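Student: quick one, structure for this:
(one chain, ligands or ions: 1)
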Amino acid sequence: MYLSREEEGIYQGEQGETLRRMMEILVALGDIYGAEKLVPVRSVQIAGVSYKNIGEAGLEWISDLQGKVMVPSILNPAGMDLCRWKEMGIGEEFARKQQQTIEAYRKLGVTIDCTCTPYQIYDGLAAKGDHLAWSESSAVSYANSVIGACTNREGGPSALAAALVGKTALYGYHLDENRLPTHLVEVRADLRGSDYGALGFLVGRIVKDGVPFFRLPGRRPAPDELKALGAAMAASGSVALYYVENVTPKPPGPWRVEEKIGFDRKEIDEVYAKYPGSGADVVALGCPHCSAEELEKIAGLLRGEKVQKELWVCTARKIADLHPHLVAAIEESGAQVFCDTCMVVSPATERFGKMMVNSGKALVYLPGLAGVQAGLGSLEECIDVALGGR
Ligand code: F3S
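Tutor: Residues are numbered from 1 along each chain as shown. Predicted structure coming up:
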């Protein structure tokens, strides 16, 4: 891989041991994937934040690094709400380790926003055509597909390396040739809300790491629905980029698909039937993290009633801080709005037997990563279950 004189100097350790190690990671990845050179990134989103996932080895690795990030860099969800962790049932020892992890990132100049939806809280992190180094799979999918920026799905160390160097290796989704559709997906059903998660759940399993191009009838999907679609496909497959005809930015050139697939209402409904919410002891919303619009819908559905089951609502702290009236309206029902964390990366959910969600991504990840069974329903059904309706 070509390195400029300055990059070569960093690689040789002229700017210190941390940058030398970070450059080593970027060059190793570039060599593996055949990158010609490095490219500057506009922003970085770093996974590897929950102490549940990184453990002591990860904490030591981050704490050992020196210097400051070169570009705006923010974090993925942590293992707990950084303020209300006791209410989540998190123990003192875990909380101490999690806070140390956060402090280690803060020392490196990383902004302490722990969210998988950075695009919901900052406008300046990504625009069409920007190169990024983002980690969290649903955020990667949204950045590539809805915003039209370019990012690979970075691991925690490679994202942090990109943040400290300010660059990433130019390969994969940074190149137009890898951004062409591979599958045409014809949907013959009018979808809304969690249907997009169910559709993504089905499509990801088929296209795996392909690039689906959707033809959707009916009304234009809302940003939250695109967020749900991409998140589910990234979990059941490893889709990092998709297109929706007349909705998302267009593919960068002429394309011919390898395969055509179709879905109708019956197949979407079968997902709900196969993963019912019955028997859930908790309901969790906000995978990916809730937008203000979603908080408003939840508050509207709960109005005036008390929950009979635990109801968790996960969002970014900035969203909660900007909309205290929505948080208050939700919590009046007995539900809890947790920030900085989520039902999958927090160890607090491991005490539950079955969780009802409205997210295709959580449906995939909860059993494997949290050891919790999951059922899928619409937002309205989830609220109904939390209120003891069925
Ligand atoms: Fe976000 Fe956690 Fe879901 S990181 S996408 S809420 S699994």
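
Student: contacts only, for the nearest residue to W255 once chain neighbours are set aside.
Tutor: Closest residue to W255 apart from its sequence neighbours, by C-beta to C-beta, 6 or more residues apart in numbering: L180 at 4.2 Å. The C-beta positions use only the backbone N, C-alpha and C, and glycine is treated the same way. Shown in contact with L180 (C-beta atoms under 8 Å, 6 or more residues apart in numbering): V211, P251, P252, G253, W255.

Student: could you look up the SS state of L180?
Tutor: Under DSSP: H, G, I helix; E, B strand; the rest coil, L180 falls in the coil class.

Student: do you know how far it is from the ligand?
Tutor: 26 Å (C-beta to the nearest ligand atom, to the nearest Å).

Student: do you know the pLDDT at that residue?
Tutor: The score at L180 is 98. That number is its pLDDT.

Student: looking at the contacts of L180, which is nearest the ligand?
Tutor: Lowest distance from the ligand to the contacts of L180 (C-beta to the nearest ligand atom) belongs to V211, with 20.0 Å.

Student: tell me how many other residues crowd the residue nearest to S236 when sequence neighbours are not counted.
Tutor: Taking C-beta to C-beta, 6+ apart, and ignoring the residues beside it in sequence, S236 has G204 as its nearest neighbour in space, at 3.5 Å. When neighbours are counted by other C-beta atoms under 10 Å, G204 registers 28.

Student: G204 and M233 touch, don't they?
Tutor: Yes. Counting by C-beta atoms under 8 Å, G204 does reach M233; the two are 3.7 Å apart.

Student: report the set of residues contacting both of those two.
Tutor: With C-beta under 8 Å, 6+ apart, G204 and M233 have common neighbours V239.

Student: quick one: secondary structure of the residue of the stretch 1-150 of the chain found nearest the ligand?
Tutor: Residue of the stretch 1-150 of the chain nearest the ligand, by C-beta to the nearest ligand atom: C116 (3.1 Å). At C116, secondary structure determined by three-state DSSP is coil.

Student: count of residues packed around it?
Tutor: Neighbours around C116, by other C-beta under 10 Å: 31.

Student: got it, and V257?
Tutor: 16.

Student: residues of the stretch 101-250 of the chain that sit close to the ligand?
Tutor: C116, E136, S138, A231 (C-beta under 6 Å from any ligand atom).

Student: now do the contacts for the second one.
Tutor: Right, the one you point to is E136. Q45, A47, N76, C116.

Student: the nearest residue to N358 once chain neighbours are set aside and C83, how far apart?
Tutor: Computed as C-beta to C-beta, 6+ apart, the closest residue to N358 that is not its neighbour in sequence is S194, at 4.3 Å. Counting by C-beta to C-beta, to the nearest Å, the gap from S194 to C83 is 29 Å.

Student: who has more neighbours, these two?
Tutor: S194 (26 against 11).

Student: quick one: the more buried one from E258, how far?
Tutor: From S194 to E258 the distance is 29 Å (C-beta to C-beta).

Student: go on, A348?
Tutor: 42 Å.

Student: do the same with E331
Tutor: 49 Å.

Student: can you give me the helices in the stretch 151-300 of the chain?
Tutor: Here the stretch 151-300 of the chain has its helices, by DSSP state H, counting those that start in this stretch, at 156-165, 195-207, 223-236, 265-274, 292-302.

Student: got the ones you listed as JSON lines, with mean pLDDT columns?
Tutor: Below are those laid out as JSON lines (pLDDT from 0 to 100):
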{"stretch": "helix 156-165", "mean pLDDT": "98"}
{"stretch": "helix 195-207", "mean pLDDT": "98"}
{"stretch": "helix 223-236", "mean pLDDT": "98"}
{"stretch": "helix 265-274", "mean pLDDT": "98"}
{"stretch": "helix 292-302", "mean pLDDT": "98"}
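
Student: reformat those as JSON lines; add distance to L285.
Tutor: JSON lines is the format used below for the helices of the stretch 151-300 of the chain (distance: least, C-beta to C-beta, whole Å):
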{"stretch": "helix 156-165", "distance to L285": "26"}
{"stretch": "helix 195-207", "distance to L285": "12"}
{"stretch": "helix 223-236", "distance to L285": "11"}
{"stretch": "helix 265-274", "distance to L285": "16"}
{"stretch": "helix 292-302", "distance to L285": "6"}
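
Student: which of these sits closest to K318?
Tutor: Of all those, the one in closest proximity to K318, counting by C-beta to C-beta, is helix 292-302 (10.0 Å).

Student: give me the mean pLDDT for whichever helix or strand comes after that closest one.
Tutor: Sequence-wise, the next helix or strand downstream of helix 292-302 (DSSP states H and E) is strand 310-315. Mean pLDDT, computed over strand 310-315, is 98.

Student: for the residue of the stretch 1-150 of the chain closest to the ligand, what are its contacts?
Tutor: C116 touches N76, P77, E136, S138, A139, P288, H289, C342, counting by C-beta under 8 Å, 6+ apart.

Student: no more questions from me, cheers.
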